[in-house]
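Engineer: Predicted model and sequence follow; I will ask about them next.
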Amino acid sequence: MSVAVLGAGAFGTALAVSLAGNGPVTLWTRSPDHAAEMRQRGENAARLPGIALPPGLRISEDIRAAAACDTLLLAVPMQKLRALLAAHGPVLAERSLVACCKGIELGSGLGPVALIQSILPEARAALLTGPSFADDIARELPTALTLACADPDRGAALQRQLTTGNLRLYRTTDVTGAELGGALKNVMAIACGACIGQGMGDSARAALLTRGFAELQRYAAHRGARPETLMGLSGLGDLTLTCTSDLSRNYRYGLALGRGETFDDAMTVEGVATARALAEIASADGLDLPITTAVARLSRGSLSVADVIAELLNRPLKEE
């Protein structure tokens, strides 16, 4: 079976590079200029510099040629997924679509698989998520991810197809749990980054990470996710990586907030939109998501980092 990756950002390119070790792979970019540059230079200099594109990797700006493959990995930001599906629905329908983004869509409150199913119900949707950085995958460093698919047989087939020499996949049928683990960990990474940026120290970060995990579990349970899913790669694993590494854009965004610095607006920070979407849901459903709500307010500039810390520390005392 053939594979295409739609989206030539850092993560999409890294996945394509790794998967090319299994056989021919198509990497699609919507920009003809970007495609021509990658073909000429033999690397994605703008997004993943220093990584050579292997011979088995075909670069294309033709969505129909890419969509002719059996399995399509959708490596676009969460807030741009709807536009991709709406623009190219006719050629994407009835394909195996594996979302590779993490987050909750503003407005609808949907995760990536739920969004695919709402727009293209005939497509076979799955999710690839977990603790990973593009550079690690592209440099063939060992990485383990979660493949979430409601259909166990289809999930097993995708697991075999997408596992590579350095990329090991574990599968689950709990799509909701995998979606939420990948989404909320970005919110907690912003909080942890702001904590360190403010100079609160590693002990405070450990407390935020732990209480953030409790918040993640609480919301996931509300949505019917299985507890063991959140204890796995798509939950605890991704949370640990993202909240402790400067390679995480969400963490770096939090650092900038804590230090009072500006952040590059061109960089996608999925946790911002996710925090705002979940804060609205929490308010409507009467859920207690204090860290998520605080990050949403912090990202809008309606609350300072010092105010956030004070609010969290002055919450009523309770049992763990």
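Structural biologist: Perfect, I can see it now.

Engineer: I figured I116 was touching A123, is that so?
Structural biologist: Yes. I116 is in contact with A123 according to CB atoms under 8 Å; the separation is 5.9 Å. For the C-beta atoms, the positions are set from N, CA and C on the backbone; glycine is no exception.

Engineer: could you pull out the helices for the stretch 1-150 of the chain?
Structural biologist: In the stretch 1-150 of the chain, the segments counted as helices under DSSP state H, counting those that start in this stretch are 10-19, 32-41, 63-67, 78-92, 112-119, 134-138.

Engineer: and if you look at the stretch 151-300 of the chain?
Structural biologist: Using DSSP H, counting those that start in this stretch, helices in the stretch 151-300 of the chain cover 152-162, 175-197, 202-222, 227-230, 238-242, 249-259, 270-285, 290-300.

Engineer: Give me whichever of those is most buried.
Structural biologist: helix 175-197 (a mean of 29; mean count of other CB atoms under 10 Å).

Engineer: That helix versus helix 290-300: what angle between them?
Structural biologist: In terms of direction (axes from the mean of the first three to the mean of the last three CA atoms, to 10 degrees), helix 175-197 departs from helix 290-300 by 60 degrees.

Engineer: I figured A75 hits L19, correct?
Structural biologist: No. Assessed by CB under 8 Å, A75 is found out of contact with L19, at 11.2 Å.

Engineer: Overlap in contacts, those two.
Structural biologist: With contacts defined as CB atoms under 8 Å, 6 or more residues apart in numbering, the residues adjacent to both A75 and L19 are V5.

Engineer: And the protein, split by domain according to the record?
Structural biologist: The record, using the TED database to delimit domains, assigns the chain the ranges 3-173, 184-314.

Engineer: now those in CSV, with distance to E320?
Structural biologist: What follows is the domains of the chain, written out as CSV (distance: least, CB to CB, whole Å):
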stretch, distance to E320
domain 3-173, 25
domain 184-314, 8
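
Engineer: Turn these into JSON lines, including mean pLDDT.
Structural biologist: Putting the domains of the chain into JSON lines (pLDDT from 0 to 100) gives the following:
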{"stretch": "domain 3-173", "mean pLDDT": "97"}
{"stretch": "domain 184-314", "mean pLDDT": "94"}
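
Engineer: if we can go back for a sec, buried deepest among the helices of the stretch 1-150 of the chain, which one?
Structural biologist: Most buried among these, counting by mean count of other CB under 10 Å: helix 10-19, with a mean of 26.

Engineer: how distant is that helix from the center of its chain?
Structural biologist: The chain centroid and the centroid of helix 10-19 are separated by 14 Å, computed with CA atoms, centre = their mean, to the nearest Å.

Engineer: by how many degrees do it and helix 152-162 diverge?
Structural biologist: 80 degrees.

Engineer: elements contacting helix 10-19?
Structural biologist: Using 3 or more CB pairs under 8 Å, 6 or more residues apart in numbering; DSSP states H and E, the elements in contact with helix 10-19 are strand 3-6, strand 25-28, strand 48-52, helix 134-138.

Engineer: Indicate which one of the helices of the stretch 1-150 of the chain is closest to E280.
Structural biologist: Nearest to E280 among the helices of the stretch 1-150 of the chain is helix 78-92 (14.7 Å), distances taken as CB to CB.

Engineer: give the contact list for the residue most central in space within the chain.
Structural biologist: Centroid-nearest residue in the chain: K102, 2.6 Å away (criterion: CA atoms, centre = their mean). Counting by CB under 8 Å, 6+ apart, K102 touches M78, P112, T129, G182, A183, K185, N186, D238, E270.
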